[in-house]
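below are the sequence and a predicted model for it; my questions follow.
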2 protein chains.
Amino acid sequence: MKARRTRARARGARRRLVVALGERSYPIELGRGILAEAGPAIARATGSGRALVFSVPGVARRYAPRLEASLRRAGVEVERVLVPDGDATKNLDQVRRLYSALLRRGADRHTALVALGGGMVGDLTGYVAATFLRGIPFVQVPTTLLAMVDASIGGKVAVNLPEGKNLVGAFHQPRLVWIDVATLASLPRRQRAAGFAEVVKAAAIRDRRLFRMLEREAEALLELRGPLLAVLERACAIKAQVVARDEREAGLRMQLNFGHTLGHAVEQLQRFRGALHGEAVAMGMSFAARRSEQLGLAPAGTASRIQALLERFGLPTELPDFPRRAYLRAVGVDKKSRGAQIRYVVLRGIGRADTVPLSPAEILSEPVGAGPAAG
Amino acid sequence: MKARRTRARARGARRRLVVALGERSYPIELGRGILAEAGPAIARATGSGRALVFSVPGVARRYAPRLEASLRRAGVEVERVLVPDGDATKNLDQVRRLYSALLRRGADRHTALVALGGGMVGDLTGYVAATFLRGIPFVQVPTTLLAMVDASIGGKVAVNLPEGKNLVGAFHQPRLVWIDVATLASLPRRQRAAGFAEVVKAAAIRDRRLFRMLEREAEALLELRGPLLAVLERACAIKAQVVARDEREAGLRMQLNFGHTLGHAVEQLQRFRGALHGEAVAMGMSFAARRSEQLGLAPAGTASRIQALLERFGLPTELPDFPRRAYLRAVGVDKKSRGAQIRYVVLRGIGRADTVPLSPAEILSEPVGAGPAAG
């Protein structure tokens, strides 16, 4: 009786979603403690008898052995390729080194790459997979919250140039996204909080019910308790839906940039040494929500709910103090700009986003920076 | 009366094909002296108000002014970016230099790249277009025969690594292929002949009528007379059909590799300093046609027709003298291989190709190299 219940619970704790992209469709599997079961799923999804696990040393030490053992049990030959930790690794020199590593190991177009780690590892692995031999299969095994709910889904892969972030990339969909929430236990609290910024974003733009669930359970979720799996499933489902409807960011997918226009500006102005990405996005979302109210697009109270929720996740909601002209310049060079106008993402209310064409000056007509004037 | 006839002839001399790939479909336009009319078509196909023309100095001097003037007349802002001539240019250092050139010129995702030149320029431009900002529009304006009938159509773009050719690349379809056969006049005769190797290939694998037309008119065609436009149109149509049915080379598209398994081996063994690509493919096709007969797949006489036609275009049909073990190794490392077996392209007759799984040793069971034994 007990065994049956345990198995039922284990089954209940597994969730499966699909990113519906025709012949490029792929599953997202979520669960707690499922890392050691990834092997057969990866073998099935890629059709490969050979896999290279790309990771950074810290993550590999903790999680690669279980993943690799599972792949071997599934009959897949595995080798590990390590890259240095940190976003600076995501560059073309590293890409070139990885091409050579693949060639030395005799990789061909049927070899699968498995990205085990956060967004940096996923982006770098995905970019190599997109371009080596004109594209080989790859799988995302995200181990950070940010990567789980956002970066690992949707096939946007990229590396940085000295001139800026993510300037070189591709759309290359993974064959599978395998999410073991147990790997979050080793994630520092600040990183966890930053990950929740993208969960709040997903709720803010598409799902009032999820937003209310976050409002009820913020503190428990931040401690990885409460309805964590259900919340992540919902956030992944939102991302999957948006990607399925607009794979190449021609329209709807732009809504995922909610909070990112100012968020990117903050990261740039701080030379990527200040706020984490999720923290910068939290600042950008607060700003965008206030701006949505000021423009008469969102009902009064929208911005304060966004801000209050972000603060409960320990996230910053005020833009750092840079001169307005610095923000104007930073927003103007955002690569999503078309000429003078930007498709700025606003809220029509909690759970409903829209884009409006605005110039940087129009976006920034509100005073920026901390202090009462920014409230 | 005279004016009307001239216009009718001009109209008659324009051909339009479509590569049918759903939302990625694009036209191929062929004509004589149509370079100066490319501007409006490029503007329409890309929706861009800004274009960068990528070319090599020799080609640019001859043809860029007419193309650029036409773009400007169509309201498109144009700048020119030159790369050094030669296949060695097709590398990641050059790609990086081009990314920086794009950024310095303020290129964004709506800027179109126009490849004016041969296969090298098309491949390099296409690869930069595929990866800059996750993909920007590009147009092929091929000026060599090889690029017109083969390289510019189908979206296979790539650059070389020190370890081998075309190891890094993407499938990125152009928005338009604009073919002015008048640009062939400046092409050296040897390059012209090498281009006809791919025309013979197209006929051999898919079109007996085209093959017979080539048999009737080889000498005139080599002098750019005879039914040149009709022949190029047919060769382009064959490539377009194959690509439309199998964009990512999962099956049918492999037939385009007819003659390429041994052709690539020859190029490698000569370290790319001997035969031109088309010449190597001519050798590979002769070999493959003989092998098809020996395997009982093609009727007797098939190989001699292939060989005779290639010779009339001044193309070599015997493999150069390298030890059999050198060929075995070169064929074995061909990146299209899967494990031990290669999907080798054979003929079932003139105009009908097929693939058979063979090991390098099975492919090379016939003695290779010049001399009576190879006949």
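Sure thing, it's come through.

just the closest residue of the stretch 1-150 of chain A to chain B, please.
Closest to chain B within the stretch 1-150 of chain A is A:Arg134: 4.3 Å, counting by Cβ to the nearest Cβ. C-beta: built from backbone N, CA, C; applies to glycine.

state the pLDDT value of that residue.
Note on A:Arg134: pLDDT of 96.

where does it sit: helix, strand or coil?
coil (DSSP: H, G, I helix; E, B strand; the rest coil).

OK, contacts around it?
By Cβ atoms under 8 Å, 6 or more residues apart in numbering or on different chains, A:Arg134 lies in contact with A:Arg109, B:Lys156, B:Ala158, B:Gly169, B:Ala170, B:Phe171.

as JSON lines, those with pLDDT, neighbour count and distance to B:Glu362 would be great.
Conversion of those to JSON lines gives the following (pLDDT from 0 to 100; neighbours: other Cβ atoms under 10 Å in any protein chain shown; distance: Cβ to Cβ, whole Å):
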{"residue": "A:Arg109", "pLDDT": "91", "neighbour count": "16", "distance to B:Glu362": "21"}
{"residue": "B:Lys156", "pLDDT": "97", "neighbour count": "23", "distance to B:Glu362": "27"}
{"residue": "B:Ala158", "pLDDT": "97", "neighbour count": "21", "distance to B:Glu362": "28"}
{"residue": "B:Gly169", "pLDDT": "98", "neighbour count": "23", "distance to B:Glu362": "29"}
{"residue": "B:Ala170", "pLDDT": "97", "neighbour count": "21", "distance to B:Glu362": "32"}
{"residue": "B:Phe171", "pLDDT": "96", "neighbour count": "18", "distance to B:Glu362": "30"}
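
which one of these is nearest A:Leu276?
Taking Cβ to Cβ as the measure, A:Leu276 lies nearest B:Ala170 of those, at 31.3 Å.

ok so, going back, in strands, which of the contacts of A:Arg134 fall?
Residues of these located in strands (DSSP state E): B:Lys156, B:Ala158, B:Gly169, B:Ala170, B:Phe171.

list the contacts for the second one?
This points to B:Ala158. B:Ala158 touches A:Arg134, B:Lys90, B:Asp123, B:Tyr127, B:Lys165, B:Asn166, B:Leu167, B:Val168, B:Gly169, B:Ala170, counting by Cβ under 8 Å, 6+ apart.

is the third one in a helix, a strand, or coil?
Following three-state DSSP, we place B:Asp123 in the helix state.

do you know how far it is from A:Ala151?
For B:Asp123, the distance to A:Ala151 equals 30 Å [Cβ to Cβ, to the nearest Å].

got it, and the last one?
If you measure B:Ala170 against A:Ala151 using Cβ to Cβ, the figure is 21 Å.

ok, back up a step: not counting sequence-adjacent ones, nearest residue to the residue of the stretch 1-150 of chain A closest to chain B?
Leaving aside its sequence neighbours, A:Arg134 sits nearest to B:Gly169 (Cβ to Cβ, 6 or more residues apart in numbering or on different chains; 4.3 Å).

hey, what's that neighbour bridged with?
Under DSSP bridges, the beta-bridge partners of B:Gly169 are B:Ala158.

who's in contact with it?
Listed by Cβ under 8 Å, 6+ apart, the contact set of B:Gly169 reads A:Thr131, A:Leu133, A:Arg134, B:Asp123, B:Tyr127, B:Ala130, B:Lys156, B:Val157, B:Ala158, B:Val159.

and stretch A:45-52, how far apart are its ends?
Separation of the first and last residues of stretch A:45-52 by Cα to Cα, to the nearest Å is 15 Å.

what's the mean pLDDT across that stretch?
97.

and if you look at stretch A:256-269?
If you average the pLDDT over stretch A:256-269, you get 95.

near chain B, anything from it?
No: under the criterion of Cβ under 8 Å from any Cβ of the partner chain, chain B is not reached by stretch A:256-269; the shortest gap measures 13.7 Å.

could you check how far A:Gly119 is from A:Glu293?
31 Å.
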